[in-house]
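Enquirer: Need a 3D model of the sequence below.
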Amino acid sequence: MQTIIEQTRELFPYTQTLRRDFHMHPELGFQEVRTAGIVAKELRSLGLEVTTGIAETGVVALVEGEHPGPVLLVRFDMDALPIEEATGAEYASQNPGTMHACGHDGHTAIGLTVARMLTARRGEIHGTVKLVFQPAEEGEGGAERMVAEGVLENPRPDHTLALHLWNEKPLGWLGVTTGPAMAAAETFNISLTGKGGHGAAPHAAIDPLYAAAQIVTALQSIVSRNVPPMETAVVSVTAIRSGTTFNVIPQTAELQGTIRTFNPEIREIVLNRFREITEGIAASLNCTAEIQIESITPAVINDPQVAARVRDVARQLFPDAEIDTNQRTMGSEDMAFMMENIPGCYFFIGSANPEKGLDAAHHHPRFDFDEAALRTGAALMTAVVLDMLK
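Expert: Take a look at the predicted model:
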């Protein structure tokens, strides 16, 4: 195990250079042309079989071990976010209005480092490693597109792995949870229609704004009065649009927001009550309600056996690390589409360093992480792959 840590230290200049280059040249989902080109070039330089153009900019490479065995899919995401960077770093984004504010630049650099380490250790591998560099993770359906275009076939993986640098926790912390790790996500849009009129004569109108206010308040009862106390869910109304002036009762009102759940059964309860409450209140106030709910991603659910294996390797590799077995977040991750039918583990690498001012939240204009986390991520992912294919 120690030799893996030593190898990541030796490769750190390579990893850091890649990460900073990706950070300076961020690309949004399905636009990762430059990033994907570098990824494919680096993988081909290792003599790997590389496929490009999956889900537009996705890249897949196979590391064939010298011995027969199972197939292990390892995924790294590549896309950036539409945010104006405010870090002031020497490697800050050169693309106005776009930045790597979630660590995907680090993930891609880790992935290429892992590829180098595994290629050098083919003699230890019993099976095949399927390296997947995915576009458009940030809510645009990149993983779902890759699945639809055959990333889980030829060869079909037996297990999956993925990681995320995590600025909510410091260096030295690792999150490896059994069961749900990230939430299923839905977005919703409610269109209410009433009858417009004069603000001074509300009795002659049907006020959709009043209905909207009642619906927002009542939706808060779903979690508090329908979800068991030991379970959890989120229903957030994040936008209301209606009206244009002070003396006109509008004809329509629109509400938007998100729903997050871990447990599929709780998800059904929440969605059913959401529709019942919205339609019931709207009807009681003589409004009509049109509800649109779009599923963004299912929950990321870690397989118990794979998660236990990741924890065992982490304890051997980093005996002084804090390993959190209850890490959960209401954030969503489309790796869930690859893990729905293929058991796997999605784990977190603590990356914050408050002493260096590297502790801004994900998706913040000042987001940046301690690059020492790159070594941790590359070492742990490589070690887990080798352990699972030994």
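Enquirer: Grab the nearest non-local neighbour of residue 207.
Expert: The shortest distance from residue 207 to any non-neighbouring residue, by C-beta to C-beta, 6 or more residues apart in numbering, is to residue 249 (5.2 Å). Backbone N, C-alpha and C define where each C-beta goes, glycine included.
Enquirer: tell me, how many neighbours does that neighbour end up with?
Expert: Residues within reach of residue 249, counting by other C-beta atoms under 10 Å, total 22.
Enquirer: is it true that it touches residue 200?
Expert: No. Between residue 249 and residue 200 there is no contact under C-beta atoms under 8 Å: 9.5 Å.
Enquirer: mind checking how far residue 62 is from residue 42?
Expert: Separation of residue 62 from residue 42 (C-beta to C-beta, to the nearest Å): 15 Å.
Enquirer: who's more crowded, those two?
Expert: Between residue 62 and residue 42, counted using other C-beta under 10 Å, residue 42 has the larger neighbour count: 22 against 16.
Enquirer: Does that one touch residue 113 like I think?
Expert: No. Judged on C-beta under 8 Å, residue 42 makes no contact with residue 113 at a distance of 9.7 Å.
Enquirer: Mutual contacts of the two, please.
Expert: Listed as contacting both residue 42 and residue 113 by C-beta atoms under 8 Å, 6 or more residues apart in numbering are residue 18.
Enquirer: isn't there a strand covering residue 36?
Expert: No. Assigned with DSSP: H, G, I helix; E, B strand; the rest coil, residue 36 falls outside any strand and is helix.
Enquirer: nearest spatial neighbour of residue 187, skipping sequence neighbours?
Expert: That would be residue 294: by C-beta to C-beta, 6+ apart, it lies 5.0 Å from residue 187.
Enquirer: got it, and residue 335?
Expert: residue 162 (4.8 Å).
Enquirer: cool, and residue 144?
Expert: Residue nearest to residue 144 in three dimensions, not counting chain neighbours: residue 337, with 4.7 Å by C-beta to C-beta, 6+ apart.
Enquirer: same question, residue 105
Expert: Here the residue nearest residue 105, using C-beta to C-beta, 6+ apart, is residue 22, at 3.8 Å.
Enquirer: Please export the C-alpha coordinates of the host helix or strand of that neighbour as CSV.
Expert: Using DSSP states H and E, residue 22 maps to helix 2-24. Presented in CSV, the C-alpha positions along helix 2-24 are these (Å, rounded to 0.1, in the frame of the first residue of the first chain):
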residue,chain,number,x,y,z
GLN,A,2,2.8,2.4,0.9
THR,A,3,4.2,2.2,-2.6
ILE,A,4,0.9,3.6,-4.0
ILE,A,5,1.2,6.6,-1.8
GLU,A,6,4.8,7.1,-2.9
GLN,A,7,3.8,6.8,-6.5
THR,A,8,1.1,9.5,-6.1
ARG,A,9,3.7,11.8,-4.6
GLU,A,10,6.0,11.2,-7.5
LEU,A,11,3.2,11.9,-10.0
PHE,A,12,1.9,14.9,-8.1
PRO,A,13,3.5,17.5,-10.5
TYR,A,14,1.7,15.7,-13.4
THR,A,15,-1.6,15.6,-11.5
GLN,A,16,-1.4,19.3,-10.3
THR,A,17,-0.4,20.5,-13.8
LEU,A,18,-3.4,18.8,-15.3
ARG,A,19,-5.8,20.1,-12.7
ARG,A,20,-4.6,23.7,-13.1
ASP,A,21,-4.8,23.5,-16.8
PHE,A,22,-8.4,22.2,-16.7
HIS,A,23,-9.2,24.9,-14.1
MET,A,24,-7.9,27.6,-16.4
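Enquirer: What residues of that helix count as buried?
Expert: By 16 or more other C-beta atoms under 10 Å, the buried positions in helix 2-24 come out as 4-5, 7-8, 11-12, 15-16, 18-24.
Enquirer: Any stretches of this protein with poor pLDDT?
Expert: Where the chain drops to pLDDT under 70, the residues are 1-2.
Enquirer: Could you list the domains of it?
Expert: The record's domain parsing of the chain by automatic domain parsing lists 2-181+299-388, 184-297.
Enquirer: so how far is the longest one from its chain's centroid?
Expert: In other words, domain 2-181+299-388. The chain centre lies 11 Å from the centre of domain 2-181+299-388; the measure is C-alpha atoms, centre = their mean, to the nearest Å.
Enquirer: What's the separation between the residue nearest to residue 207 and residue 285?
Expert: According to C-beta to C-beta, residue 249 stands 13 Å off from residue 285.
Enquirer: Quick check: residue 191 is in a strand.
Expert: Yes. Counting by three-state DSSP, residue 191 is found in a strand.
Enquirer: Need the contact partners of stretch 284-297.
Expert: 139, 141, 143-144, 184-195, 206-208, 210-211, 214, 259, 271, 274-275, 278-279, 282-283, 332-334, 336-337.
Enquirer: Give me the buried subset of those.
Expert: 141, 143-144, 184-186, 188, 190-194, 206-208, 210-211, 214, 259, 271, 274, 278-279, 282, 332-334, 336-337.
Enquirer: Please enumerate the helices of the stretch 101-250 of the chain.
Expert: 104-119, 142-148, 208-219, 221-226 (DSSP state H, counting those that start in this stretch).
Enquirer: How many residues are close by residue 94?
Expert: Neighbour tally, residue 94, other C-beta under 10 Å: 11.
Enquirer: now do residue 54
Expert: For residue 54, the count of nearby residues is 22 (other C-beta under 10 Å).
Enquirer: and if you look at residue 277?
Expert: 19.
Enquirer: go on, residue 123?
Expert: Counted with other C-beta under 10 Å, residues neighbouring residue 123 total 8.
Enquirer: Please list the outside residues in contact with stretch 241-250.
Expert: Residues outside stretch 241-250 that contact it (C-beta under 8 Å, 6+ apart): 194, 196-200, 202, 205, 207-209, 212, 252-254.
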